[in-house]
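S.K.: Quick one: sequence and predicted model below, then my questions.
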Amino acid sequence: MNTKSFIRAMLVSMLVLFPSLIFAQVGEIHFKMSKLPKDMRLPTGITKPFILVLKLEGEGISFDGVVQEKDVMLGKNKDVPAKYYCGTPDKEIVIKGDVSVLKIIYGSVESADLSKASKSLKTFWMRRTWTSSFNLKGLTEVEDLIVRDQKGLKELDLSDLHKARIMELGKFACNNYGWDLKTVILPNPTVVEDLNLSDTAISEIEFPALPKLKKFYASGTQIPEFVFNSPNLEVIELSRAHAKKLHIKGSTPNLKKIWLQDMFKLEELIIENAPNIKDATKPAEMKDINNLYFSGSFFNQLKVLKLNTGIERIAPIVNNVEVSKYYPNVEVLDLYNSPIKKLDLSSFVNLKELRLPFDGLSSEDYDTIIASIKADVKKQLTVEIMSTRKSDQKNLATFIEKLKAAGIKVKNEVAVETLITSSYKVYPTQTTDLVKIEGTKIYAPYSVYNAGGKLCLSGNTNASGKANLSLAVLPKGMYLIKVGSVYTKVLLK
């Protein structure tokens with residue numbers, strides 16, 4: 001083969017195998033222009049259909065369909081530089097080039113097509129553009145996405161945005177532009193860390209696995225329930241949401257703030273393991289970290305309240321409001337692993353089941369708890385005491401007797417010493433399968449509960465007071481093994 005033939009063959013091979021090396025693909029972003037809405041507030045001097053770009057970065061950028069462009073200054077003090085590009089109604093403005101950052105804050109745009117955008121596009125913002133049609137397919141490299149205040153936009157397919165860490169789809173709380181978004185398709189799997197759906201019209205959404213999610217906002221939404229299994233959660237904001245259920249599964253050690261104000265329809269609130277939520281006493285004033293923003297006066301439909309948090313005190317705050325208006329319909333209050341020290345139950349006027357940890361309570365504490373329970377509630381209430389081997393068994397027995405004397409039924413009346421001996425132990429406390437129980441009285445009943453308090457296994461020890469439990473059939477996680485009123489934590493790995 002001569003030199004010319006060799007070069008020709010190499011070029012053909014490169015064209016077939018690596019076409020992007022021979023013909024660089026130029027990205028294109030298409031915006032179809034429309035007439036200006038009458039209620040659109042415009043920067044001074046702009047009267048034509050336009051796109052106003054706050055920030056545009058990249059290489060080799062050019063425009064088609066632009067009939068006028070102008071530099072403007074935005075911001076309260078007119079100190080934010082921006083540029084607007086005017087087009088013609090029913091025509092397109094096309095941005096060509098290797099665009100990496102595109103931020104648009106106004107625009108008379110009918111539709112937007114980014115499916116042919118450069119793979120270098122990492123940041124895309126579009127606010128207040130009245131765009132009813134979006135094509136974001138193919139945006140596999142975008143990491144920061146904001147699509148807000150798009151009046152008329154009803155559906156948004158984000159399934160290709162596998163690298164997006166930030167997704168903001170809500171509306172600005174201070175405007176009146178409206179937000180019609182009803183359907184969102186999220187990527188699966190996803191690396192999103194910050195997801196904002198606030199004040200959208202979404203009523204149904206399928207949440208994929210969100211293992212890296214840190215911040216979630218869905219205030220004012222119509223979504224009926226939220227179930228999270230996101231160990232990195234830090235903030236949840238659901239104020240004014242219409243959800244009936246909020247369930248935060250598993251361990252969320254970084255979760256320090258939950259805002260649940262004005263959730264009128266919430267019926268079930270379950271937090272399985274959030275040890276750094278500390279307080280639930282001052283809902284109106286709680287704005288700092290380590291708070292459960294817990295405005296109970298608006299939980300008129302709440303029936304099930306399960307908290308495994310770091311909360312040490314639950315009490316109503318009375319500001320010319322009857323305490324009975326705080327939790328009028330709560331029937332189940334489960335504080336199964338919260339380090340409660342102070343508990344005022346006077347606002348729980350329909351309470352039927354109370355699951356209460358005993359460790360850390362003094363005689364004064366349980367006297368106060370019993371005194372706070374209304375007379376009518378005592379007649380229907382059943383209490384289960386959660387204690388550990390470290391509990392003061394004498395005080396525990398005294399507490400049980402005082403509950404019974406007040407007419408309150410106690411679920412675990414059997415004294416712990418009638419079921420276990422001084423050699424009682426459960427081991428190992430970390431396992432991949434087998435757990436052993438030793439040192440009980442003969443045929444003592446045992447139960448295994450998951451972190452949500454659900455009974456998973458049960459049985460009895462043998463004639464020697466021993467049992468071998470196989471947990472391999474259960475999902476990995478934290479479990480409580482109960483014998484009598486003694487609970488032992490076991491981690492299934």
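M.R.: That came in fine, so what should we check first? Numbering: from 1, shown residues only.

S.K.: going forward, measure contacts between C-alpha atoms and count neighbours the same way
M.R.: OK.

S.K.: per-residue pLDDT, Pro19?
M.R.: We have a pLDDT of 48 for Pro19.

S.K.: can you check Arg313 too?
M.R.: The per-residue pLDDT reported for Arg313 equals 55.

S.K.: Which helix or strand contains the spatially closest residue to Ala463 that is not a sequence neighbour?
M.R.: Using Cα to Cα, 6 or more residues apart in numbering and skipping residues adjacent in sequence, the residue nearest Ala463 is Ile442, 4.8 Å away. In this structure, Ile442 is located outside every helix and strand according to DSSP states H and E.

S.K.: Helix, strand, or coil at Asn254?
M.R.: When classified by DSSP: H, G, I helix; E, B strand; the rest coil, Asn254 comes out as coil.

S.K.: before we move on, back to that, and the residue nearest to Ala463, how many neighbours does it have?
M.R.: 15 (other Cα atoms under 10 Å).

S.K.: for Glu193, same thing?
M.R.: Glu193 is flanked by 18 other residues according to other Cα under 10 Å.

S.K.: ditto for Gly170
M.R.: Taking other Cα under 10 Å as the criterion, the count of residues near Gly170 is 25.

S.K.: just checking, it is part of a strand?
M.R.: No. Judged by three-state DSSP, Gly170 forms no part of a strand; its state is coil.

S.K.: any idea how far it is from Val147?
M.R.: As defined by Cα to Cα, to the nearest Å, Gly170 lies at a distance of 8 Å from Val147.

S.K.: Could you do Asn232 as well?
M.R.: Separation of Asn232 from Val147 (Cα to Cα): 24 Å.

S.K.: Can you show me the helices along the stretch 301-450 of the chain?
M.R.: With helices called from DSSP state H, counting those that start in this stretch, the stretch 301-450 of the chain shows them at 363-372, 375-380, 393-405.

S.K.: Turn these into JSON lines, including mean neighbour count, distance to Lys257 and mean pLDDT.
M.R.: What follows is those, written out as JSON lines (neighbours: other Cα atoms under 10 Å; distance: least, Cα to Cα, whole Å; pLDDT from 0 to 100):
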{"stretch": "helix 363-372", "mean neighbour count": "15", "distance to Lys257": "27", "mean pLDDT": "80"}
{"stretch": "helix 375-380", "mean neighbour count": "15", "distance to Lys257": "31", "mean pLDDT": "92"}
{"stretch": "helix 393-405", "mean neighbour count": "16", "distance to Lys257": "33", "mean pLDDT": "76"}
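
S.K.: Can you lay out these as CSV showing distance to Pro328?
M.R.: Conversion of the helices of the stretch 301-450 of the chain to CSV gives the following (distance: least, Cα to Cα, whole Å):
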stretch, distance to Pro328
helix 363-372, 15
helix 375-380, 12
helix 393-405, 22
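
S.K.: how about those helices, which one is nearest Leu351?
M.R.: helix 375-380 (6.2 Å; Cα to Cα).

S.K.: May I have the distance across stretch 120-138, first residue to last?
M.R.: Using Cα to Cα, the span of stretch 120-138 from its first residue to its last is 12 Å.

S.K.: sorry, that was for stretch 143-159
M.R.: When the termini of stretch 143-159 are compared using Cα to Cα, they are 13 Å apart.

S.K.: What are the contacting residues of that stretch?
M.R.: 122-137, 161, 163-172, 177-188 (Cα atoms under 8 Å, 6 or more residues apart in numbering).

S.K.: repeat that for 7 Å
M.R.: 122-134, 136, 163-171, 177-188 (Cα atoms under 7 Å, 6 or more residues apart in numbering).

S.K.: Repeat that for stretch 111-127.
M.R.: Counting by Cα under 7 Å, 6+ apart, stretch 111-127 makes contact with 26-32, 98-106, 131-139, 141-150, all of which sit outside it.

S.K.: mind running it again at 8 Å?
M.R.: Identification of contacts with stretch 111-127 by Cα under 8 Å, 6+ apart yields 26-33, 97-106, 131-150.

S.K.: and the contacts of stretch 143-159, which of them are in helices?
M.R.: For the contacts of stretch 143-159, not one is inside helices, with DSSP state H as the criterion.

S.K.: State the pLDDT value of the nearest residue to Leu471 once chain neighbours are set aside.
M.R.: The spatially closest residue to Leu471, leaving aside those adjacent along the chain, is Asp433, at 4.9 Å (Cα to Cα, 6+ apart). At Asp433, the pLDDT value in this model is 91.

S.K.: List the residues that contact Asp433.
M.R.: 469-472, 492.

S.K.: Closest one of those to Cys86?
M.R.: With Cα to Cα as the yardstick, the closest approach to Cys86 among the contacts of Asp433 comes from Leu492, at 62.2 Å.

S.K.: Can you give me the pLDDT of Ala218?
M.R.: You'll see Ala218 listed with a pLDDT of 90.

S.K.: does it really touch His242, like I thought?
M.R.: No. With contacts counted by Cα atoms under 8 Å, Ala218 stays clear of His242, the gap being 9.9 Å.

S.K.: neighbour count winner among these two?
M.R.: The residue with more neighbours, out of Ala218 and His242, is Ala218; 25 against 21, by other Cα under 10 Å.

S.K.: Give the full set of residues in contact with the more buried one.
M.R.: With contacts taken as Cα under 8 Å, 6+ apart, Ala218 has the following neighbours: 196-199, 237-239, 241.

S.K.: Among those, which one has the most neighbours?
M.R.: Top of these by neighbour number is Ser198, holding 27 neighbours under the definition other Cα under 10 Å.

S.K.: Hmm, that one is touching Leu169, no?
M.R.: Yes. Under the criterion of Cα under 8 Å, Ser198 lies in contact with Leu169, with a separation of 7.3 Å.

S.K.: Pull up the distance across stretch 80-100, start to finish.
M.R.: Distance between the two ends of stretch 80-100: 20 Å, counting by Cα to Cα.

S.K.: Could you list the buried residues of it?
M.R.: Within stretch 80-100, the residues that qualify as buried by neighbour count (16 or more other Cα atoms under 10 Å) are 82-89, 91-100.

S.K.: ok now it, how far from the chain's centre?
M.R.: Taking Cα atoms, centre = their mean, to the nearest Å, the mean C-alpha location of stretch 80-100 is offset from the chain mean by 36 Å.

S.K.: Likewise for stretch 72-89?
M.R.: Here the centre of mass of C-alpha atoms in stretch 72-89, compared against the chain's by Cα atoms, centre = their mean, lies 36 Å away.

S.K.: Name the residues that touch it?
M.R.: Under Cα under 8 Å, 6+ apart, the answer for stretch 72-89 is 32-35, 43, 48-55, 65-71, 93.

S.K.: Narrow the residues you listed to those that are buried.
M.R.: Burial by neighbour count, 16+ other Cα under 10 Å: within the contacts of stretch 72-89 this picks out 32-35, 48-54, 65-66, 93.

S.K.: Could you find the two of these that are most distant from each other?
M.R.: Lys35 and Leu54 (20.6 Å).

S.K.: How about the contacts made by Thr432?
M.R.: Remark: with contacts taken as Cα under 8 Å, 6+ apart, Thr432 is in contact with 471-472, 492-493.

S.K.: at 7 Å instead, please
M.R.: If a contact means Cα under 7 Å, 6+ apart, then Thr432 has 472, 492-493 as its contacts.

S.K.: Please apply the same query to Leu139.
M.R.: Applying Cα under 7 Å, 6+ apart to Leu139 gives the contacts 115, 160-161.

S.K.: which of the residues you listed lies closest to Thr252?
M.R.: Closest to Thr252, out of all of those and judged by Cα to Cα, is Leu161, at 25.6 Å.
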